[in-house]
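>>> mind looking at a prediction? Sequence and model below.
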Amino acid sequence: MSQSPSLARRRFLQGMGALSVCGTGAPLALSLAGMGEAAAQSSSASDYKALVCIFLYGGNDSFNTVLTTDATSWGNYVATRNQAPSSIALLQAGTAPDTTSTPGSPTWLGGVRPIYPSNQPSGNSFALHPLMVNSQSLFNTQKKLAVVANMGPLEEPLTKAEYLQKTKRVPKKLFSHNDQQNTWLAMQPEGAVNGWGGKLADLFAADNSQSLFTAISASGNSVWLSGSTTRQYQISRRGVQKFGVRPADYATGQVFGSTAVAEALRHIASNERASISRHVFAKDLAANNQRALAAEGVIETHLPSETVAPFGPASRLQYQSINGGLVESDLAKQLQMVARLISMGQSLNLRRQVFFVSLSGFDSHDNQNTKHSELMAVLDHALGYFQSTIDSLGLANKVTTFTASEFGRTFTSNGDGTDHGWGAHHLVMGGAVQGGKIFGQMPQLGRMNNNDPMFDSSPDQLRNGVLLPTTSVDQFAGVLGRWFGVSQTNLNSIFPNLSRFGAGTNLSFV
Amino acid sequence: MKYAVAVAVCIGHNPFHTLTPKPPLVTMSFLHQCLRVLPIMGAAILLSACGGGGGSGEGNSAGTSSGIDTPALQSEQGLKYQTSVPADLDARRFLTQATFGPTEASVSELKSGTLGEWIDRQLTLPPSTPSHLDYMLTRSAEIRLTNPTGGAWNNDLTHSFWRQAIGGDDQLRQRVAFALSQIFVVSWADGCGGDNPRSLASYMDMLTANSFVKYRQLLEKVAKHPMMGCYLSHLKNRKEDLQTGRVPDENFAREIMQLFSIGLYSLNTDGTLVLDRFGQPIETYTADDVSGMAKVFTGWSFDCPNNALTDSCFWWAVDSTATNLTDPDVKTRPMVPYARFHSTSAKNFLGVTIAAQDTPDAEASMRVALDTLAKHPNVGPFIGKQLIQRLVTSNPSPAYVRRVAQRFVQTGGDLGETVKAILLDPEARDPRNDTDTTFGKPREPILKLTALIRAFDGTSDTGRYLIDPTDDAGTALAQSAYKSPSVFNFYRPGYVVPSSSSSAAGLVAPELQLMNESSAAGYVNYIRDVIDTGVGRWGISGNANRKDIQLSFHRSSTGELQSAAEDPEDLVDIVNTRLMYGTMPDYLKSDIEAAIASIDTVSPNPSAFQISDKRLRRLKSALLLTMASPEFQVQR
C-alpha cells in the first residue's frame, strides 16, 4: 500500500514523539537505536550495568560440573562413565578424598558437593564438581550463583524425534569447535562478524562518554564483542604498553632520542589517510593503531592499580593447583583487569560495558581427570575472586557474569575422556541473579544399550549421550539482554530465532 | 579424471563463464580479480591457452603423464612465469612470498636465472642441518656437562626453528614447512608438545623433510606421528566396548577431515561451495561419519624397541620385555598397530565401508581411510587455497584456486609441484598487485621479524639464533612457531575482521585475527628493540656482551647504510627496496624522510661521533617507521 510522503513523515515524527514522551514504553525499531536505548529507558547516572562472559574454550564437560544425583540418574551416570583405564565417574557426596591416589582422579577428589536449589521438585538432588567450593557457597549460601541447565544453540524448538527424522532445522556445523564457538557467541559458524555482546552494546555505546571502552576483551579476539558499530578493545591482562616508547623514555616521550620520530611513528601507524587509495588491510591496521593510541592515555590516567584492594594483592590471584602449591591464575588475572576496567568505567561515567575473558583446555578427549579437575579449580577460584571483588566495589547488582562454551561433551567415556557434544549446563553469577536455583530443564539421563548408541532411554540424549538442548542460547541471551535494559523489539532483532521459542519456561534467572 | 579436469581449466580461463552460481560477495571479488588478471595475460594468449589447452588435456587422457608439462598446459596451470628472469624488485617480491624474506645474496641468485630454475633447485635441496632433533640432542648433551639431570627444552627448539628459517639455504622448503605447520597443527602450548620436546622436534623434522612429497604420503606421516597421536589423542585409542558402553575417541577422526583434508563443505575445484538445489552448502560428513572414522584410528600406539607390543608399551611407552626402560626415541618413531585394541566391526564413513575384520588389521583400515580422504575432490582446493593464503594472498580468485587445485590433482597431489604452481601463477606474479588495494595478505608476525633480519644481514654470534618464543601479544609478536593456542592455528582461513574496510570489501583476513590494540603496541615495541640493539639472548649462557642476533649496522659503524643516511632520500630508497620491494607510496616516503631529516647534528662542526650517531639514529628511525607502517605490514 502506498502512502503520501507527508503521511509517512508525520508517522515518523509521531514515533519520535512517542520516544520522548513515553520513554520506556516506546517500541523502537533497531535502526533508531543509535539514539541510545539507555537514554530512552533511564537517565539516572547510577544506571550502570556490565555483562561478563567467561568462555570455556574446548567444550566443557558439564556432566562433571553440575551433577544430577538422584538414584536413577546417578546409577546411569556411573554405569556410563566408569570405564577402564580411567574412570571419569565422580564419587557420591560425602566420600572422603584419598590423598594417596592420582591427583585429579575421582578418589583423590572425594565426593561431589551438594547444592540445594530452591525451585526443583522434591526427590531430585544435585551437586557440583568436588573442587567447586566457592561456587557451592555462592549457590547455597550467598545465593549469587544459579545454574541454567542443558543450554545450547538451536534454530527452533526441537525434539529428539524431530532431530533424528531431520524434520526441523538444526544449527550448522554442530560438534565443530570453531564453528560452535562462533555460533554460541555470534549465531553463525566461522566467518561471523557480529556477536550478541557487541550487538547489545551497540544500543548503549552512544551513551558512553568513552565508547572505546564499551566492549572489552581481556583474552584476545572475540567475535562476541563485535557489534555493528561497537568495536572491541583488547587489553592485555598485564595492562597497557605505550606505543613505540621505551619505558625509560616515558618522561620525554621520544623515540631514538627524537620527538619528531615519535610523532611520525604515531602518525604513520595510525593516520587514516582517508583521501588516499590504500590497501584495505592497511586501512584496518591503521584503524587498529588509532584505537590503541586513543586508549593509551585514558587508561594511563584512569585505570586503578592492580596491587590495591579490592583488586589485589597478588596473592588473591592464586589458586590451589591439583598438583600442589599455589599458582597464579591467568583467568583471575583477566578478571582482575575486568574489575579494574569496571572501576575505571565508574570514573568515566560509562553506562554499559560488556567483557570477555576465557579459559582454555576443556577439550578433554583424554586424561580428562587431570585436565578437567585443574580447570574446575581455576574456574571456581576465579568465580569466587571476581564476585568478592565486585561486591567490594559495591556493584554486586550491576555486574552479571556467565559461563559459555562451544558445546558440552558426550555422556559416554572413551576410556579416559569424552568427545564433542552439544547442550551443556552453565553458571550465572551476580547480585541481580536469582541465585540458589536451577533454571531451564535438567535432562533425563539414560544409558546406552548394547545395540544402539542413541540413548533410547532418554528423550534428552542423542548419540553417545550428547545432550539435545532444551533451552536455546538465544533464550538465555534474551534474558540477559532484558536485564541489560534492551526492549523485546530490539531483542527480537538481535536474535532472529528468539520469537520461535517464546520466553521459555523457568528462565527468569536474573 | 585428468581429461574432465582439463576441460574445466579451459572454462575457468574465461572469467565470465564462472560467474553465475557464485554468491554475491565472492562474485564481486572474483570479478575484480579476473578483470585485473585478464589484460596482462592478453586476449591472444588466453584464447590459445583455451584452445590448445583443451586439446592437450584430452590428449593427456590417453594416459601420458609427461603431457602435463606441455607449454600450453603450463600456461593454463599458471606456470607461464616458469621461464621469466625477474628484475630486481620483482625478485624481491617473489622472495617475500617464497622465503622468510629476501637477502641481498638470495636476490642476486634468483636474478641469475629463471623463476622456474630457482624453484626446481629449491625443491631438490635437502633440509637444513642439523635437524631439529639433532640440535636438541647436541644441546642436551651440552647442558648435561654441567647439569646431569637437565636437557634441552622447547625454548631450544624455538631457537632451532629460527636457525633453519633465517639461516637455512632451503628457504622454500622452510617457508612451506612453516605453512604446513599451520595446517597440520601440533603445539607446545599443550602438554603433548610442551612435555615432549624430543617428539615435537621429530614432528618438525618430519614436516620439513616432507614439504614437497605427495600429499597422501604426508597425511600418513602426520597420522602416524606420536606427537599428533598425543595432540589429537588417537594415540592409545581403543576399540569400542559394547558391554560397558565405552566408545572410541573421535578427536583425530573429526579433525583429520575438518582441518587436514576435506573441510566441512563440498567444494568446487575453484574452492567455491557446491550448493544443493535450495542454494545451501553440502556438508562433507556427518556425526556418523566421524564415529565410523574414529574406529579406524583405534589400536595405535608407541613403537617400542624390538617392536614389543606389550600393554606397558601401549600405555606408557615402557618396554617391560626388554630393558624395562623407556627408549628415548620411542616418541619420535611412527606409531604402530596393536591388533587387540583395533576395532574389528564394520567402519562406515564418507560412503566407504571397511568390512568387519576377522583378524584386526589397523594398517589396512588406515590405508583405506587415508586413500579415501586423499582422493576426495575437496583436497586440492582445500589444501591448495590454504597454501596460497600462507604464501601469496588471503583472497585468491576462484580461477587461481582452480589452477592450483588442478596442478595438485594432475601431479597426484605433489606438494612441491603445487607450491610451484602457486608461486608461478599469473595472479601471484601480476606486477600491478603492487598498487592493488585488495590483493595480498597481512604479513605474519614471524615473517615481519625474519624479513627485517634477512634484509639487513642479521647474523647469529653463536650460530644458534637464540630468539626465545615470541607469542606474548603485549610484549612480543603474538605468534611463536609450533605454539598455536589450538589445532585451529593462530588464525582461521575464513577470519573476517568485524566492522572493517576488509569486511566491507567482502574479504577474509586470516592474519588480522592476531591484530588488536595490545598486539599493535607489542609488535612496534618489540621491533623497536630489535632495530635498536638486535634480538635474542645474550649468548647461550647469558653472559655475552650483546644480543645474539646483530644486524649489519650493529656490527659495523660504517658502510653503505650509514653513508646513505646522510641523505634521507637515499636512505629511504634502500629501506624501501629491501623491505618493501619498492612499493612504498610517496606519502609514506615523505613522512619518513621529513622525520629522519630532523635528526641532525647541532654543532656546526660536528665530531666524528656526532656524525656517526646521527646516521645511526636516522637509520634506526627509518627502519622503525617503515615497519610500523600499515603499508609494510601488508604483503602484496
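Looks like it arrived, so ask away. Numbers count the residues shown, from 1 in each chain, chains lettered A, B, ... in the order given.
>>> verify the stated contact: residue A:309 with residue A:392.
Yes: counting by CB atoms under 8 Å, residue A:309 touches residue A:392, with 7.2 Å between them. All C-beta atoms are positioned from the backbone trio N, CA, C, and that covers glycine.
>>> and the two? Which one has more around it.
Legend: neighbour count by other CB atoms under 10 Å in any protein chain shown for residue A:309 and residue A:392, higher for residue A:392 (13 against 9).
>>> does the more buried one touch residue A:310 like I think?
Yes: here residue A:392 reaches residue A:310: they are 3.6 Å apart, a contact under CB under 8 Å.
>>> what is the burial count for residue A:71?
When neighbours are defined as other CB under 10 Å, residue A:71 has 9 of them.
>>> swap that for residue B:364, sorry
Residues near residue B:364, counting by other CB under 10 Å: 15.
>>> and the one helix or strand it maps to, how far from the chain's centre?
Here residue B:364 sits within helix B:362-374, counting by DSSP states H and E. Computed by CA atoms, centre = their mean, to the nearest Å, the chain-centroid distance of helix B:362-374 equals 26 Å.
>>> for it, the averaged confidence score.
What helix B:362-374 shows for mean pLDDT is 98.
>>> following that helix, which helix or strand comes up?
Using DSSP H and E, the helix or strand that directly follows helix B:362-374 along the chain is helix B:379-391.
>>> and the helix holding residue B:364 with helix B:379-391, angle?
Orientation of helix B:362-374 against helix B:379-391 (axes from the mean of the first three to the mean of the last three CA atoms, to 10 degrees) gives an angle of 70 degrees.
>>> helices or strands up against helix B:362-374?
Packing contacts for helix B:362-374, counted by 3 or more CB pairs under 8 Å, 6 or more residues apart in numbering or on different chains; DSSP states H and E, involve helix B:215-224, helix B:287-296, strand B:336-337, strand B:347-349, strand B:352-354.
>>> what residues sit buried inside the second one?
In this case it means helix B:287-296. Going by neighbour count (16 or more other CB atoms under 10 Å in any protein chain shown), the buried part of helix B:287-296 is B:287, B:289, B:290, B:291, B:292, B:293, B:294, B:295, B:296.
>>> again with the fourth one
With burial defined by 16+ other CB under 10 Å, the residues of strand B:347-349 counted as buried are B:347, B:349.
>>> can you check the last one too?
By neighbour count with 16+ other CB under 10 Å, strand B:352-354 contains the buried residues residue B:354.
>>> which strands and helices lie in contact with that strand?
strand B:347-349, helix B:362-374.
>>> turn those into JSON lines, including distance to residue A:447.
Listed next are the helices and strands packed on strand B:352-354 as JSON lines, based on distance: least, CB to CB, whole Å:
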{"stretch": "strand B:347-349", "distance to residue A:447": "24"}
{"stretch": "helix B:362-374", "distance to residue A:447": "28"}
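>>> hang on, the earlier thing: can you list the helices and strands packed on helix B:362-374 in a markdown table and add mean pLDDT and distance to residue A:76?
Conversion of the helices and strands packed on helix B:362-374 to a markdown table gives the following (pLDDT from 0 to 100; distance: least, CB to CB, whole Å):
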| stretch | mean pLDDT | distance to residue A:76 |
| --- | --- | --- |
| helix B:215-224 | 98 | 35 |
| helix B:287-296 | 96 | 21 |
| strand B:336-337 | 97 | 34 |
| strand B:347-349 | 98 | 28 |
| strand B:352-354 | 98 | 32 |
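>>> nearest to residue B:398 among these would be which one?
Nearest to residue B:398, of all these, is helix B:215-224, at 20.9 Å by CB to CB.
>>> so what touches the closest one?
When contacts are defined by CB atoms under 8 Å, 6 or more residues apart in numbering or on different chains, helix B:215-224 is touched by residues B:180, B:184, B:206-207, B:210, B:228, B:234, B:252, B:256, B:260-261, B:297, B:300, B:334-335, B:366, B:370-371, B:373-374, B:379, B:383, B:408, B:413-415.
>>> kindly report the same for stretch B:124-136.
Residues outside stretch B:124-136 that contact it (CB under 8 Å, 6+ apart): B:138, B:152, B:156-157, B:159-161, B:163-164, B:167-170, B:172-174, B:197-198, B:201-202, B:204-205, B:208-209, B:332.
>>> what do you get if the cut-off is 6 Å, keeping everything else the same?
B:152, B:160, B:164, B:168, B:170, B:201, B:202, B:204, B:205, B:208, B:209 (CB atoms under 6 Å, 6 or more residues apart in numbering or on different chains).
>>> quick check: residues of the stretch 51-200 of chain A near chain B?
Taking CB under 6 Å from any CB of the partner chain as the measure of proximity, the stretch 51-200 of chain A contacts chain B at A:80, A:83, A:173, A:178, A:190, A:191, A:193.
>>> would CSV of those residues with neighbour count be doable?
Listed next are these as CSV, based on neighbours: other CB atoms under 10 Å in any protein chain shown:
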residue, neighbour count
A:80, 25
A:83, 22
A:173, 19
A:178, 22
A:190, 24
A:191, 17
A:193, 19
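>>> farthest-separated two in these?
Distances among those were taken as CB to CB; the most separated pair is A:83 and A:193, at 41.8 Å.
>>> point out where the stretch 201-350 of chain B drops to low pLDDT.
B:320-326 (pLDDT under 70).
>>> mind doing that once more with 90?
Scanning the stretch 201-350 of chain B for pLDDT under 90 picks out the ranges B:243, B:304-308, B:312, B:316-328.
>>> same thing with chain A?
For chain A, the ranges with pLDDT under 90 are A:1-47, A:190-193, A:205-211, A:220-221, A:228-229, A:237-241, A:297, A:449-453, A:502-506.
>>> please name the bridge partners of the residue nearest to the spatial centre of it.
Geometric centre of chain A, nearest residue: residue A:53, 2.4 Å, by CA atoms, centre = their mean. Per DSSP bridges, the residues bridged to residue A:53 are residue A:356, residue A:402.
>>> these two touch, right, it and residue A:356?
Yes: between residue A:53 and residue A:356 there is a contact under CB atoms under 6 Å: 5.1 Å.
>>> on contacts alone, who are the packing partners of the strand or helix carrying residue A:377?
In the assignment (DSSP H and E), residue A:377 maps to helix A:368-392. Applying 3 or more CB pairs under 6 Å, 6 or more residues apart in numbering or on different chains; DSSP states H and E, one finds that helix A:368-392 makes contact with helix A:133-140, strand A:318-320, helix A:330-347.
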